[in-house]
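Trainee: Need the 3D shape of this:
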Amino acid sequence: MPKLTIDGMEVTVEPGTSIIQAAEQLGIEVPRFCYHDKLSVPANCRMCLVEVEKSPKPVASCAMPCADGMNVFTKSPLAQKARKGVMEMLLVNHPLDCPICDQGGECDLQDQAVAYGFDRSRYREEKRAVKDKELGPLVKTVMTRCIHCTRCVRFGDEIAGVDDMGVLNRGEHLEIGTYVEQMVNSELSGNLIDVCPVGALTSKPYAFTARPWELRKVDSLDVFDAVGSNIRIDTRGGAVMRIQPRLNEEVNEEWISDKVRFSWDGLKQGRLDTPYVRKDGKLQAASWGEAFGAIADRIAGLSGQKMAAVVGDTADCEAIVALKDLMTALGCNAFECRTDGAQFDTSAPAGYLFNTTIAGLEDADAILLVGTNPRTEAALVNARIRKTWLAKRIKIGLIGEQCDLNYPVKYLGAGAETLEELAAGKGAFADVLKGAKNPVIILGMGALRRADGMAIHALARKVAATYNMVREDWNGFNLLHTAASRVGALMLGFTGGNLEKMPSAQMLYLLDCDDVPADKIGKDTFVIYQGHHGDKSAARADVILPGAAYTEKNATYVNTEGRVQTARQAVFPPGEAREDWKIIRALSEMLAKTLPYDDIAQVRARLAAVNPAFAEVNQPLKAEWKPFGAEGKADKAPFAVAVENFYQTDSVTRASKTMAACTASFVANATPAKTGT
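Mentor: Predicted coordinates for the structure are as follows:
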């Protein structure tokens, strides 16, 4: 292993480590623009120049591997002079836009110009101007500010898997843009804003709304899919202003999907801020006491066997356990969280978890996708698959609807017949799985939202057994969920009811649930809707209890891996709205079934008592491999798509004008599927 000296400090590094990486290990700052630790190294900005002993000229530290005995100087007069020259050249055409630039205050160019540049310019000629590009409703461009670091080009090609952007022309006329005029169609396009070190790419919805030093920053979680991406919510004056990614190498690395980044405007639209009670056929505003009283009067004397409760896709675990405790106290045993009608065995956790883990996909050498489109169902999982394919060129097979996944796949078939062939050791992809050391199967909701879901679940388990996907040191069986609340609810036992029969119950409690069709709910069914938006189910409700959105509560969520994570409250709920578990706790007192917890610490203790896994925060659940699924005849119908419109999947995104603009721009003009080998 090479041992070198940097600024008088010795360090031993792994072979292939660059000088800039070695300097970071020692805590030495080396300026950079084009270098990004998640992207390839182009070495084109030259800002990271350092002096290496016996080298005739400064060296680009991002592209120079460490050698044994190397002596490096990052603060020598030669290195400082080189950086000042580079900075002077970068600023030749850069406009003096800092007072009106949204990047101001968190701009790498600003910071490094102060730290490493001259205090004046010798350039007196006219600056160059570049025409702005139209990249869509999310990313705003001011291309005159571009310093040609090519981070955006490399991100699109390597991470997002879209080659829409590139470098055009040469010399003084060089610019970044799309080769033909088109928008960047990617579920991860907002990350272009983060990787851009200057103000050339900024957020279009956030433009001219706030400065970074005005914002209060709170850690939270993405609840619009089951990945559990770590995010940071920036607020000002009680309003969410923007949402940024938060580093978590095990889950989302440093990326987030466009849906969570830009849908924050939907948090302000169509909100429920006061209780409602239906009187004379019309919903009328009421007090909390009136709403609770209406519920108590209606269910008085009603048998628990005639009650049912359903939780939606964004419900938090505290609310789920509180609702289950209350309904159980009332004698109810009809619970369900699978609002999409998915049929799979919930008795064995290994059967409904993403056992390989998201980060573990990087160790896979063959992947079989069944009834899933991870690009729309879990964009960060799709990015991790692409990362694995890019590094090792693994073989990926697809059973289900053909779709463009931004990496080559071998299309195997449309439905269960193909899966049965593989389970029997036959088929075009069988040899690939047999020859793989760490094969993986990813089963999606598109294969399970049907009457034969249990049989499909069992077939997928047989495939895992046939190709030795589950061993002591490896578990390649994965169920990819689409709902943030799903795994947590399953871990709490909030399942087992017949969703088809539940809407006909005499009392139906819907918690953050807008997916039960109103036309299937009985005319005489008393419906309690607890949620934060006046979406689909609110119109059918007899009593509406206004809850808090995910940005407005301290909450626990479990992602598709079984990883327990906590989110913090960023803003307060509007009007009379309250946190969901507090509403249920207050209702329990009115119904003379008082729940035994008064603060969130006690509720979380209750979570851990129901399932000890809730005591292990930020650790994926390790489940024992047991048989699951049910033998049966599988339907020949092709597997459907679980998420048809990536941008509008719940009440918040449906209320978002930005997501509506994305739907109009991208979904209506969707690109045809691409397959290959």
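
Trainee: Quick check: phi and psi at the residue nearest to residue 311 when sequence neighbours are not counted.
Mentor: Nearest-residue entry for residue 311: residue 511, 4.6 Å, with adjacent residues in sequence omitted and distances by CB to CB, 6 or more residues apart in numbering. (Glycine included, C-beta is placed from N, CA and C.) When read as degrees, to the nearest 10, the backbone of residue 511 gives phi -110, psi 110.

Trainee: how about the closest residue to residue 558 other than its chain neighbours, phi and psi?
Mentor: Closest residue to residue 558 apart from its sequence neighbours, by CB to CB, 6+ apart: residue 488 at 3.7 Å. Main-chain dihedrals, residue 488, degrees, to the nearest 10: phi -60, psi -40.

Trainee: what's the answer for residue 165, then?
Mentor: Here residue 165 shows phi and psi, under degrees, to the nearest 10, equal to phi -110, psi 150.

Trainee: for the one 4 residues further on, same thing?
Mentor: Backbone dihedrals for residue 169, given as degrees, to the nearest 10, come out at phi 70, psi -170.

Trainee: residue contacts, it?
Mentor: The contact partners of residue 169, by CB atoms under 8 Å, 6 or more residues apart in numbering, come to residue 175.

Trainee: Tell me the spacing between the residue most central in space within the chain and residue 568.
Mentor: With distances taken as CA atoms, centre = their mean, the chain has residue 229 as the residue nearest its mean C-alpha position (4.3 Å). According to CB to CB, to the nearest Å, residue 229 and residue 568 sit 15 Å apart.

Trainee: cool, and residue 50?
Mentor: Counting by CB to CB, the gap from residue 50 to residue 568 is 40 Å.

Trainee: re the thing from before, relative to residue 309, how far out is the residue nearest to residue 311?
Mentor: Counting by CB to CB, the gap from residue 511 to residue 309 is 7 Å.

Trainee: thought residue 394 was touching residue 368?
Mentor: No: taking CB atoms under 8 Å as the definition, residue 394 is not a contact partner of residue 368, at 11.1 Å.

Trainee: Just want to know which of the two has more residues nearby.
Mentor: Neighbours per residue, other CB atoms under 10 Å: of residue 394 and residue 368, the larger number sits with residue 368, 29 against 20.

Trainee: In three-state terms, label the more buried one for me.
Mentor: strand (DSSP: H, G, I helix; E, B strand; the rest coil).

Trainee: begin at 41 from here
Mentor: All set: I'll call the first residue 41, so the last point we hit is now residue 408.

Trainee: Would you confirm that it contacts residue 483?
Mentor: No: with contacts counted by CB under 8 Å, residue 408 stays clear of residue 483, the gap being 9.0 Å.

Trainee: give me every residue that touches the residue nearest to residue 598.
Mentor: 356-357, 360, 596-598, 604.

Trainee: In CSV: those, plus pLDDT, neighbour count and distance to residue 500.
Mentor: Converted to CSV, those look like this (pLDDT from 0 to 100; neighbours: other CB atoms under 10 Å; distance: CB to CB, whole Å):
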residue, pLDDT, neighbour count, distance to residue 500
356, 97, 31, 29
357, 97, 28, 27
360, 97, 29, 26
596, 97, 22, 29
597, 98, 25, 25
598, 97, 30, 21
604, 97, 27, 25
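
Trainee: Among the residues you listed, give me the pair with the biggest separation.
Mentor: Largest separation among these by CB to CB: 360 and 604, giving 13.0 Å.

Trainee: average pLDDT for stretch 225-232?
Mentor: Stretch 225-232 shows a mean pLDDT of 95 in the predicted model.

Trainee: Can you list the buried residues in that stretch?
Mentor: For stretch 225-232, the buried set under the neighbour-count rule, 16 or more other CB atoms under 10 Å, comprises 225-232.

Trainee: and it, how far out from the chain's middle?
Mentor: 12 Å (CA atoms, centre = their mean, to the nearest Å).

Trainee: Stretch 392-410 now?
Mentor: 17 Å.

Trainee: All the helices of the stretch 391-540 of the chain, residue numbers only.
Mentor: With helices called from DSSP state H, counting those that start in this stretch, the stretch 391-540 of the chain shows them at 414-417, 419-432, 456-463, 470-475, 493-506, 526-531.

Trainee: Provide the contact partners of the fourth one at residue level.
Mentor: The contact list for helix 470-475, computed with CB under 8 Å, 6+ apart, reads 406, 408, 435, 437, 461-462, 465, 479, 503, 506-507.
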